[in-house]
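# I would like the atomic coordinates for the input below:
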Amino acid sequence: MINLSNLFIKMKDLDASDLFITVGSPVKMSAKGRMTAITNEKLKPADTEQIAYSFMDDKQKQLFLTQKELDVAHSIHGLGRFRLNI
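Here you go, the predicted model:
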């Protein structure tokens, strides 16, 4: 199971600007102008759903299901605040 907070920690360590979670691809990050895969396995639809829903509350889930898009922020104490578009 992929943990979103762990991905954000890795982003911070690598000075990455973007995180890409896409069905059919491994998780990727953009750091210093280079796209790098940080997992070996290609994500399945259930994987991406689990990652996205892992930090959403019920209201955000309903909004996402209705609008098929969601802009949110995820904060990790001592690390930072991350903006997401799903």
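# per-residue confidence at the residue lying farthest from the centre of the chain?
Residue distances from the centre of the chain (C-alpha atoms, centre = their mean) peak at residue 66, which lies 19.9 Å from the mean C-alpha position. Listed pLDDT for residue 66 reads 94.
# three-state assignment of it?
Of the three states, residue 66 takes helix under DSSP: H, G, I helix; E, B strand; the rest coil.
# So it versus residue 60, what's the distance?
11 Å (C-beta to C-beta, to the nearest Å). Quick note: C-beta positions are derived from backbone N, CA and C, even for glycine.
# which residues do those two both contact?
Common contact partners of residue 66 and residue 60 (C-beta atoms under 8 Å, 6 or more residues apart in numbering): none.
# Residue 9 contacts residue 76, doesn't it?
Yes. Residue 9 is within contact range of residue 76, at 7.4 Å (criterion: C-beta atoms under 8 Å).
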